[in-house]
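Student: for reference, the sequence and a predicted model appear below.
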Amino acid sequence: MSTDLRNRLFKELDSLILIDPHTHIDALSPASKDLSEILGYHYYTELAHSAGLARQEIEDPEITPREKVGLLLSNLEPIQNTIQYSWLIEMCQKFFGFDGELIDESNWETVYDAAQEKMGQADWSDQVLQQSGIEAVFLTNDFDDPLEGFDTSVYIPCLRTDDLVFHLAKPAVRDRLEICTNISLESLGSLTQSLEHLFTHFTRENAKACAISLPPWFVPTEIDFGEAAKALEQIQSHGEQATPESKETMAGWVFWKLTELCDEFKIPFDLMIGVNRSVYPAGVYQGMDLYDSRVSLIQYADLFNAFPAVKFPVSVLASVTNQELASYSWIFPNVITHGHWWYSNTPTFIEHDTAGRLEAVPQTKQIGYYSDMYKLEFALPKFAMYKRILAKVLAERYVIDRNWKEQRAIDFGKRILRGNVESIFHV
Amino acid sequence: MSTDLRNRLFKELDSLILIDPHTHIDALSPASKDLSEILGYHYYTELAHSAGLARQEIEDPEITPREKVGLLLSNLEPIQNTIQYSWLIEMCQKFFGFDGELIDESNWETVYDAAQEKMGQADWSDQVLQQSGIEAVFLTNDFDDPLEGFDTSVYIPCLRTDDLVFHLAKPAVRDRLEICTNISLESLGSLTQSLEHLFTHFTRENAKACAISLPPWFVPTEIDFGEAAKALEQIQSHGEQATPESKETMAGWVFWKLTELCDEFKIPFDLMIGVNRSVYPAGVYQGMDLYDSRVSLIQYADLFNAFPAVKFPVSVLASVTNQELASYSWIFPNVITHGHWWYSNTPTFIEHDTAGRLEAVPQTKQIGYYSDMYKLEFALPKFAMYKRILAKVLAERYVIDRNWKEQRAIDFGKRILRGNVESIFHV
Amino acid sequence: MSTDLRNRLFKELDSLILIDPHTHIDALSPASKDLSEILGYHYYTELAHSAGLARQEIEDPEITPREKVGLLLSNLEPIQNTIQYSWLIEMCQKFFGFDGELIDESNWETVYDAAQEKMGQADWSDQVLQQSGIEAVFLTNDFDDPLEGFDTSVYIPCLRTDDLVFHLAKPAVRDRLEICTNISLESLGSLTQSLEHLFTHFTRENAKACAISLPPWFVPTEIDFGEAAKALEQIQSHGEQATPESKETMAGWVFWKLTELCDEFKIPFDLMIGVNRSVYPAGVYQGMDLYDSRVSLIQYADLFNAFPAVKFPVSVLASVTNQELASYSWIFPNVITHGHWWYSNTPTFIEHDTAGRLEAVPQTKQIGYYSDMYKLEFALPKFAMYKRILAKVLAERYVIDRNWKEQRAIDFGKRILRGNVESIFHV
């Protein structure tokens, strides 16, 4: 009975057209050109590498797309248990007519060719969006992205600020900033001007959010002007050789300034909390980062208090931080629970974390899911995974445990899936 | 089948008359005088505020009880998903004959009036206790509570010690202590005398426990007498301007002394571990506190070792500390698992935490639940929530997974619910 | 349906003959001589003590085996709810024909005598192995174990290194090392030689792993040679009175050297991370240790990076570290998830932790379970517990949630249970 109920709820949730509030889509090349762009997703390369495939083989500069797909699909047997592998299979079933359960050396070429046939069609990305029930996706744009050449009502810009906050000591970053703003970086004043310039540019081009990923040690605070000025000098004269303290001071100052601009320009600031970069430097591209789960949202209390008018959709990397996220969102009006990020984007953690949020956070303050995808084909299987889990939790914990009518559970689910994206990001 | 089984177990558990081992009931006004005392519970005000209702509106000094109820119930739509909202509905169904699922601007007045009709009856609090299957509740009394004017076998005193440990630097607290004990606070000696005086007074009035809530940073240790004497001097001459170190030293000394007195007077010391106060100072009354989940019971090892004869019923604020609680209780004879506190008092966390305890902690050392309520009407829905979860866990993890007979599971549940409250607190 | 499905999966998993990859079996006395060796397992003594039985009674030097069993079994009522108690009952049912659900003062003698009848048989340990479906078990040998007198293909040696890393300051440990290697400990050079000697001896005797348990504060790093030389001098002249810093330096140096030897001798290094020793010094034998769950695998990043060719089967003590373990194993090729250790070896935590691993870690890099037993009789009920949970998770999360065919789920389970033990440890 519970399985039937889950299926009924899933069917209703699945009928909804969605807006994906966080992706890494390249708006100029949103869908894949061939299957190597699917298999090149770090989940497959890093898991294949973890299971024994050499990075040198995976990242061989001479390898053709077809060879890369052959190499990977002939070596994924060790990861056929993973949820990430199931995304690949579901995608191939839904988009390319694949009807098996496994892809390996025996059948990958058929799948490759079937995919190629579809991916070669001129309107492929529109087909994907439509078949996936997605009407728009948020991007994650570099600060110097011209935001030109695409429909910003479908590919909604979002200002990514990691480089500005954590890498301003790199001459290349400062150069990029000077070039795109045409403002010479001489002081905190001109730095402020360039940041304002970015916000003006982005919001004019329909940007609906600012976003950043943050390491576990980061504690945002308002930085003294004099200290920040000294840190900027340090950075300008020594670049990456600047002291760690001045880099941290600069990071703190820029972060706080960006939040002020979110306040002024009235856009939410997506905080993605907890990642340590390059923990495994010998890993494949994008497969080097991990975390220290000893992080607390108490580190963000000053920030949340200082900016009551800024909405902070918060993602946490580790499931052990999820209860804090639910509690902080239950208390702070400006804290919003946001999706299931990366290492917590697997069914067991999603189920536990979603259940913990659904019953304790106002239903207007929960954004259920984003795909975090680099290529459009991933929205379908990733959202399907989430919707199945959401249907399971609504079935078991609301319809069964709390005697809710099915329609009430469905309406709740739909708000989590879509309604809140609209109201929180004003789309 | 599993649902039928759960219902059968629930029915048996629900037939038990209980003692509620931790509440904030005012024994002189235990039940609500009108529905505003229900809606004024911080869960409703803080969640409504988190969802957008201004604190100024909620806490408007001019607002009448009826207006406050109208304001809140017309603005709870965003929190209708929460478990806290379900407590309200179940309470109104069981006590006031409400037969809907939602209360909003369309029907709140009917509910208000129905409640008023009941709450106006002279024996309302006795009706509530009887209908809730509660025969006694523990209070949480200020140290200077005269404990007069009520039946201490129904409203069982418990000495709350937060002010003594963490706020002795406040002149008002020292004044209250001097007044209620009639002992002039001149030295550690006279401070000891006043604390003894409190224990004598409380235990003579049937107090069955001492209780305190503790911040994550607190690490109890025995403080050197000389240092404590200096800290007391600091506090007496500088009050709240005393150094943080002397305040911490004083907190440590008083806490240790209170534990010695628990030992001497043979009453358990309820430790409620992990709360940070005023993390969101702009929040509503009692809706400002949060936590840092990076706390460990290793901080309490010296305490547990130093006082083998003192029973410590321990509550933890974050579910991530629950496994430590289960493990420390499995090893230390004097550590007892105690209820599901505050941010962990929602079904997903209760279910995971209860399941983890049931199978690893001796059944004599687990106190299943307390309501933590301020008004008697909350015992019924809160205990009902817990009993449903307990029935679920016993059904799934004992009767199904471990092949227990139903009666054995019921007996285990009853001991957790009631038997252990009697044996641990000697009531 | 789900229960039938679970039973079918369990039956298939249960038909497999296993190798137990981590135990504390004494190869010269692998099974129990009488029931007191079962009841003397720290789980029973510490839980009985936690529930009120005095250590002095349990550890009375005059007590006979029969009396000890009588004492304990007459006092286990408070722990009849625990999973550990269920191991005892299942063991007595399967091995000794016991057909009840509880053993207490009324029937313990019958069980004692039935056990004695079996345990007295000359081939009892072989019977136990066969009835338990175990063909070999890994030992955990002291470094000076001669490894003689037993069949090392059934009782597979494993070099335990806790003493070498954390207790080299103790003269007794250095003496034992000098005696068993016949190398005088004069310098880092001779220390290296003795460690090499141990590896040569152990691997020649079929040792398949090196193992160590580690406290939460430990952060492995490569130690400067000069510093390590000074630390060794300190330790040699002051013994246990050496400074804590020199002890830590020595621990770091020896640990790193052992890892180099694992690399050279091509054996995995089992890391068991997170235990604090003697937190409750008044506890019973082996019932004094607990933990601080604030530990992170980021502490091991340098180690994992420095030794890409060494396989690290990692166990974590607290369930809150499990997601990190799954993530580090998903990224680092040399990190392997290893069983469910001690305080996390109870069904609720196993279920959550296993589910989190199964769906995110390559299936070749997960070792499902080890018994950690001291006496052979425990393998049967402990592995049965794990196999039931594994069957539950595979049924619910793979066959039902993900539509896997049953056979595919069974094959996955078998690899976790046995196949990976073979491939990872080369047995």
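Tutor: Right, received. Where do you want to start? Residues are numbered from 1 along each chain as shown, chains lettered A, B, ... in the order given.
Student: use CA for all of it now, contacts and neighbours both
Tutor: OK.
Student: can you pull the contacts of residue A:339?
Tutor: A:315, A:367, A:368, A:369, A:370 (CA atoms under 8 Å, 6 or more residues apart in numbering or on different chains).
Student: need the residues of the stretch 301-427 of chain A near chain C, please.
Tutor: Within reach of chain C by CA under 8 Å from any CA of the partner chain, the stretch 301-427 of chain A has these residues: A:318, A:319, A:320, A:343, A:346, A:347, A:348, A:349.
Student: what about those, which are in helices?
Tutor: In this view, these that belong to helices under DSSP state H are A:347, A:348, A:349.
Student: of the residues you listed, closest to residue C:413?
Tutor: Checking those against residue C:413 with CA to CA, the nearest one is residue A:348 at 17.4 Å.
Student: quick one: the closest one and residue C:358 touch, right?
Tutor: No: counting by CA atoms under 8 Å, residue A:348 stays clear of residue C:358, with 9.6 Å between them.
Student: show me which of those two is the more surrounded one.
Tutor: More crowded of residue A:348 and residue C:358, by other CA atoms under 10 Å in any protein chain shown: residue C:358, with 26 against 22.
Student: please work out how many residues are found near residue A:197.
Tutor: 15.
Student: residue A:42 contacts residue A:289, correct?
Tutor: No: look at residue A:42 against residue A:289 with CA under 8 Å: they stay out of range, at 11.0 Å.
Student: what do the two both touch?
Tutor: Counting by CA under 8 Å, 6+ apart, nothing touches both residue A:42 and residue A:289.
Student: okay, strands next: where are they in the stretch 151-300 of chain A?
Tutor: Secondary structure of the stretch 151-300 of chain A (DSSP state E, counting those that start in this stretch): strands located at A:155-156, A:158-160, A:209-214, A:269-273, A:275-276, A:290-291.
Student: so residue A:43 versus chain C, what's the distance?
Tutor: 9 Å (CA to the nearest CA, to the nearest Å).
Student: re the thing from before, JSON lines for the ones in helices among the residues of the stretch 301-427 of chain A next to chain C, including pLDDT?
Tutor: Output for these, formatted as JSON lines (pLDDT from 0 to 100):
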{"residue": "A:347", "pLDDT": "98"}
{"residue": "A:348", "pLDDT": "98"}
{"residue": "A:349", "pLDDT": "98"}
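Student: list just the nearest of the residues you listed to chain C.
Tutor: residue A:348 (5.5 Å; CA to the nearest CA).
Student: that older thread, turn the strands of the stretch 151-300 of chain A into CSV, including mean neighbour count, distance to residue B:202 and mean pLDDT.
Tutor: Shown next, in CSV, are the strands of the stretch 151-300 of chain A (neighbours: other CA atoms under 10 Å in any protein chain shown; distance: least, CA to CA, whole Å; pLDDT from 0 to 100):
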stretch, mean neighbour count, distance to residue B:202, mean pLDDT
strand A:155-156, 26, 65, 98
strand A:158-160, 26, 60, 98
strand A:209-214, 23, 51, 98
strand A:269-273, 22, 47, 98
strand A:275-276, 20, 51, 98
strand A:290-291, 25, 50, 98
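Student: chain B contacts on chain A?
Tutor: Going by CA under 8 Å from any CA, the residues of chain A near chain B are A:294-298, A:301, A:305, A:320, A:323-324, A:327-334, A:352, A:355-356, A:358-365, A:412.
Student: hey, where'd the helices end up in the stretch 151-300 of chain A?
Tutor: Counting by DSSP state H, counting those that start in this stretch, one finds helices in the stretch 151-300 of chain A at the ranges A:162-166, A:171-181, A:188-204, A:225-238, A:244-265.
Student: contacts for the helix or strand containing residue A:329 next, please.
Tutor: Using DSSP states H and E, residue A:329 sits in helix A:322-331. Identification of contacts with helix A:322-331 by CA under 8 Å, 6+ apart yields A:296-297, A:314, A:316, A:335-337, A:353, A:356-357, A:360-362, A:365, B:46-47, B:49-50, B:280, B:283, B:287-288, B:290-293, B:318-319, B:343.
Student: the same query, at a cut-off of 7 Å, please.
Tutor: By CA atoms under 7 Å, 6 or more residues apart in numbering or on different chains, the surrounding residues in contact with helix A:322-331 are A:297, A:316, A:335-337, A:353, A:356-357, A:360-362, B:46-47, B:50, B:287, B:343.
Student: the helix or strand just after that helix pairs with which strands, parallel or anti?
Tutor: On the C-terminal side of helix A:322-331, the closest following helix or strand by DSSP H and E is strand A:335-338. When pairing is defined by DSSP bridges, strand A:335-338 lines up against strand A:312-316 (parallel), strand A:366-367 (parallel).
Student: downstream of the shortest one, the next helix or strand is which one?
Tutor: Along the chain past strand A:366-367, the next helix or strand (assigned with DSSP H and E) turns out to be helix A:379-393.
Student: so for that following helix, what's the average pLDDT?
Tutor: Mean pLDDT, computed over helix A:379-393, is 98.
Student: in the very next helix or strand once past it, what counts as buried?
Tutor: Counting by DSSP H and E, the next helix or strand C-terminal to helix A:379-393 is helix A:406-414. Neighbour counts over helix A:406-414 (16 or more other CA atoms under 10 Å in any protein chain shown) mark A:406, A:409, A:410, A:412, A:413, A:414 as buried.
Student: what about chain A, any weak spots by pLDDT?
Tutor: Judged by pLDDT under 70, chain A has its weakly predicted residues at A:1.
Student: care to break it down by domain?
Tutor: Annotated domains of chain A cover A:2-32+A:123-425, A:34-119 [automatic domain parsing].
Student: what's the first-to-last distance across the last one?
Tutor: Translated: domain A:34-119. One end of domain A:34-119 sits 6 Å from the other (CA to CA, to the nearest Å).
Student: surely residue A:336 meets residue A:313?
Tutor: Yes: contact status for residue A:336 versus residue A:313: in contact at 4.5 Å, counting by CA atoms under 7 Å.
Student: settle it for me: which of those two has more neighbours?
Tutor: The residue with more neighbours, out of residue A:336 and residue A:313, is residue A:336; 29 against 24, by other CA under 10 Å.
Student: for that one, give me its contacts.
Tutor: Here residue A:336 is in contact with A:312, A:313, A:314, A:329, A:365, A:366 (CA under 7 Å, 6+ apart).
Student: distance-wise, check the third one relative to chain B.
Tutor: Put plainly, it is residue A:314. Taken as CA to the nearest CA, the span from residue A:314 to chain B is 15 Å.
Student: how many residues are close by that residue?
Tutor: Count around residue A:314 with other CA under 10 Å applied: 26.
Student: just to check, it is in contact with residue A:271?
Tutor: Yes: Residue A:314 is within contact range of residue A:271, at 4.9 Å (criterion: CA under 7 Å).
Student: pick out the residue of chain A closest to chain B.
Tutor: residue A:333 (3.9 Å).
Student: not counting sequence-adjacent ones, nearest residue to that residue?
Tutor: Leaving aside its sequence neighbours, residue A:333 sits nearest to residue B:50 (CA to CA, 6 or more residues apart in numbering or on different chains; 3.9 Å).
Student: which residues does the one you found contact?
Tutor: Counted by CA under 7 Å, 6+ apart, residue B:50 has contacts A:330, A:331, A:332, A:333.
Student: for the last one, what are its contacts?
Tutor: Yep, that's residue A:333 we're talking about. With the criterion set at CA under 7 Å, 6+ apart, residue A:333 makes contact with B:49, B:50, B:51, B:52.
Student: now residue A:372. Nearest residue, chain neighbours left out?
Tutor: Residue A:372 sits nearest to residue A:23 (CA to CA, 6+ apart), 4.0 Å away.
Student: what's around that neighbour, how many residues?
Tutor: Quick note: residue A:23 (other CA under 10 Å) scores 22 neighbours.
Student: most proximal residue of chain A with respect to chain C?
Tutor: residue A:50 (3.9 Å).
Student: burial of residue A:208, as a residue count?
Tutor: Neighbours around residue A:208, by other CA under 10 Å: 24.
Student: that'll do, ta.
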